[in-house]
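1. what follows is a predicted protein model with its sequence.
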Amino acid sequence: MTTLSGLAGTGTLLRFALRRDRVTTPVWIAVNTLMVLSMPNTLKGLYGTDAERADLLRQVDTNASFRALIGPLFDTSLGGLTAWRVGVYAGLLAAVTSLLVVVRHTRDEEETGRAELLASGAVGRRASLTAALLAAAVANGVLALLVAAGLAGQGAAGALALGLGLGAVGMVFATMAAIVAQLTESARLARGLTSGVLGAAFVLRAAGDSAMTDGSSVWTWLSPLGWLENLRPFAAERWWVLALFGAAVLMQAGVAYALAGRRDLGMSFFPARPGPAAGRLGSAAALAWRLQRGGVLGWSLGFFLAGVVYGGLTEGAADLVGGNKGAREIFERMGGQSGLTDAFLASMVGMLGLIATLYVVASVLRLHGEETSGRAEPLLACAVSRLRWAAGHLTVAFGGAALIMLLAGLGFAVGYGREVGPILAACLVQLPAVWVIGGVAVLLYGLTPRFAPAAWAVAVAVLLIGWVGPALDAPRLVLDLSPFGHLPKLPGGGMEWGPVPALLGLAVALTAGGLAALRRRDLTA
């Protein structure tokens, strides 16, 4: 009876969570599904003959760096190639979607005070946690169903295995986020820590796959992403691996429920350390840095390590695709018509530039979080203007984007070992496009807080155009919808200065428009 009373109101909270996520979650699911379902036709054009597929299998088996990047290849059918090419990255995207959903409907709700308001009604102690996990389960179930149905033509069993595997990875990190949300007092910290665990899972899988050709390394088995590839969709499926996912989900959910029952609402097991009331926090800019420094440091470390990894993979990846005309053409569309090594570097730098848009949007929207949580109003009641308050956060957002791209360039230089200047230039030339997306986020937030979440849809659309567009040989008109489509392809390509000031001017205009709108509108509680 006690257990049932603790779940009272779960259905209502679930409907509320699904309604709040009716835009963002479907966008993430659509991007992930499209990325997976676009692969069979693309790979059919790249490896259309048995000889080409046999040669690919041989090269993957002998190329440790490429296995670290993508994973081992178990089957050369179109379904097997699809699971190999996008399985790990689709799993990453499912995990990110899940952890965002869970943290939003648990720790975010407590941080903003909405959970306390709901708890004053007929809502059980564990209802919000249950609703959050169910919302993540719905998202992962839809993803699994779409992937399984879309790839059924390549083999029903393999399609089902890949769909279930992606959904299972999502649920592992959903329940992990549920635990972290109980331990920390900040939603940003909860997202950051869970993302750090996800990054560690990718590194463990990469280390294991680089050492073994069949995914049997102990390091691979320590990662849920390694479980996904060892499920072996389209390659004599190992259905028993799903039991590992199930056990992990049940165990982590049990821990999360136990922790939720042992703390007060709004509290955590590792409370935030109280900060000084003066000194370093004597200005709005210092406060903005204090609030966002953890995110900046985390993204900086991640981009530097990514640069090191991709720089170290450059030679091996170039050797692998050098003999395949179709793969070479994709890299050239992403990275320009230069030599293959430069094209690979340019495509990897461009990919990090696309990911940097997620950082700048998240950082800009910290303004939205401060306003809707009610923390901005007391600050602005003092001798702090709206523009000064916003300027602190925007400095961290736009300056942080420059920092992480610079560190990515240094990472590439460390991993690749040469062409330091051209690689740094290639990373920094991504900034005008990144700042344009940041300007869009400022404009949407400045107009009204209700529009602010739409900035995520813009960032995801740009990400989709940049990742999937070249593989599908999308028309130039489509690629030009993204600001990244106008940037020079460095290193290797010629420097075209025209788009750079144009994009910088656009970013300035968007940001100025958003700040002007912010000055004129009312704040929301």
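-> Yes, it's here. Numbers count the residues shown, from 1 in each chain.
2. any low-confidence regions in the stretch 351-500 of the chain?
-> Scanning the stretch 351-500 of the chain for pLDDT under 70 picks out 468-474, 492-495.
3. 80 instead, please
-> 372-376, 378-383, 417-419, 464, 466-480, 489-497 (pLDDT under 80).
4. chain neighbours aside, what residue packs nearest to residue 99?
-> Leaving out its chain neighbours, the residue that sits closest to residue 99 by Cβ to Cβ, 6 or more residues apart in numbering is residue 177, at 4.0 Å. (Glycine included, C-beta is placed from N, CA and C.)
5. and the helix or strand hosting that neighbour, what does it pack against?
-> Here residue 177 is covered by helix 156-183, with elements defined by DSSP states H and E. On a contact count with 3 or more Cβ pairs under 8 Å, 6 or more residues apart in numbering; DSSP states H and E, helix 156-183 meets helix 24-37, helix 78-105, helix 127-150, helix 187-211, helix 224-230, helix 241-260.
6. spit out the contact partners of the residue nearest to residue 99.
-> Applying Cβ atoms under 8 Å, 6 or more residues apart in numbering, we find residue 177 in contact with 98, 99, 102, 103, 106, 190, 191, 194.
7. what about the helices and strands packed on helix 156-183, which gets the closest to residue 440?
-> helix 24-37 (15.2 Å; Cβ to Cβ).
8. now the element after the closest one, going C-ward?
-> Following helix 24-37 in sequence, per DSSP H and E, is helix 39-46.
9. tell me the gap between whichever helix or strand comes after that following helix and the middle of its chain.
-> Sequence order places helix 50-62 as the next helix or strand after helix 39-46, per DSSP H and E. Distance, stretch centre to chain centre, for helix 50-62: 30 Å (Cα atoms, centre = their mean, to the nearest Å).
10. could I get the next helix or strand after helix 50-62 in PDB with only the CA atoms?
-> Beyond helix 50-62 in the direction of the C-terminus, DSSP H and E gives the next helix or strand as helix 64-69. Taking C-alpha atoms only, helix 64-69 is exported to PDB below (Å, rounded to 0.1, in the frame of the first residue of the first chain):
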ATOM      1  CA  ALA A  64      43.100  -0.400 -35.000                       C
ATOM      2  CA  SER A  65      42.500   3.300 -35.300                       C
ATOM      3  CA  PHE A  66      39.400   2.900 -37.400                       C
ATOM      4  CA  ARG A  67      38.000   0.300 -35.100                       C
ATOM      5  CA  ALA A  68      38.500   2.700 -32.200                       C
ATOM      6  CA  LEU A  69      36.600   5.300 -34.100                       C
END
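11. and the helices in the stretch 401-525 of the chain?
-> 420-428, 431-447, 454-471, 476-479, 499-520 (DSSP state H, counting those that start in this stretch).
12. winner for burial among those?
-> helix 431-447 (a mean of 26; mean count of other Cβ atoms under 10 Å).
13. thinking again about what came up before, to residue 384, which of the helices of the stretch 401-525 of the chain lies closest?
-> Using Cβ to Cβ, the helices of the stretch 401-525 of the chain put helix 499-520 closest to residue 384, at 13.3 Å.
14. now the closest one against helix 431-447, angle please.
-> If you take axes from the mean of the first three to the mean of the last three Cα atoms, to 10 degrees, helix 499-520 sits at 20 degrees to helix 431-447.
15. what sits up against helix 499-520?
-> By Cβ under 8 Å, 6+ apart, helix 499-520 touches 386-387, 390, 394, 429, 432-433, 435-436, 438-447, 483, 486-488.
16. nearest residue to residue 94 other than its sequence neighbours?
-> residue 170 (3.7 Å).
17. need the per-residue pLDDT for that neighbour.
-> Listed pLDDT for residue 170 reads 95.
18. tell me the contacts of it?
-> 91, 94, 95, 97, 98, 136, 139, 140, 143.
19. got a list of what the fifth one touches?
-> So the one you mean is residue 98. Here residue 98 is in contact with 136, 139, 140, 170, 171, 173, 174, 177 (Cβ under 8 Å, 6+ apart).
20. for the helix or strand where residue 400 lies, name the packing helices and strands.
-> When elements are assigned from DSSP H and E, residue 400 belongs to helix 386-416. On a contact count with 3+ Cβ pairs under 8 Å, 6+ apart, helix 386-416 meets helix 284-321, helix 340-364, helix 366-372, helix 376-380, helix 420-428, helix 431-447, helix 499-520.
21. would you indicate which residues of it are buried?
-> 386, 389-390, 392-394, 396-398, 400-413, 415-416 (16 or more other Cβ atoms under 10 Å).
22. ok now do residue 446, which residues does it touch?
-> Counting by Cβ under 8 Å, 6+ apart, residue 446 has contacts 513, 514, 515, 516, 517, 518, 521.
23. could you do residue 376 as well?
-> 367, 370, 389, 523.
24. coming back round to it: any idea how far the helix holding residue 400 is from the chain center?
-> Worked out by Cα atoms, centre = their mean, helix 386-416 lies 17 Å from the chain centre.
25. just the angle between it and helix 499-520, please?
-> Going by the same axes, to 10 degrees, helix 386-416 makes 150 degrees with helix 499-520.
26. and the angle for helix 386-416 with helix 420-428?
-> Going by the same axes, to 10 degrees, helix 386-416 makes 140 degrees with helix 420-428.
27. tilt between helix 386-416 and helix 284-321?
-> Using the same axes, to 10 degrees: helix 386-416 against helix 284-321 is 30 degrees.
28. okay, the angle between helix 386-416 and helix 340-364?
-> Using the same axes, to 10 degrees: helix 386-416 against helix 340-364 is 150 degrees.
29. give me the pLDDT value at the residue lying closest to residue 143 once chain neighbours are set aside.
-> Take residue 143 and drop its neighbours on the chain: the residue closest to it by Cβ to Cβ, 6+ apart is residue 29, 5.2 Å away. For residue 29, the pLDDT comes out at 91.
30. residue ranges with poor pLDDT in the stretch 201-350 of the chain?
-> 261-283, 294, 309-310, 312-345, 347.
31. what about the helices of the stretch 401-525 of the chain, which gets the closest to residue 241?
-> Using Cβ to Cβ, those put helix 454-471 closest to residue 241, at 27.3 Å.
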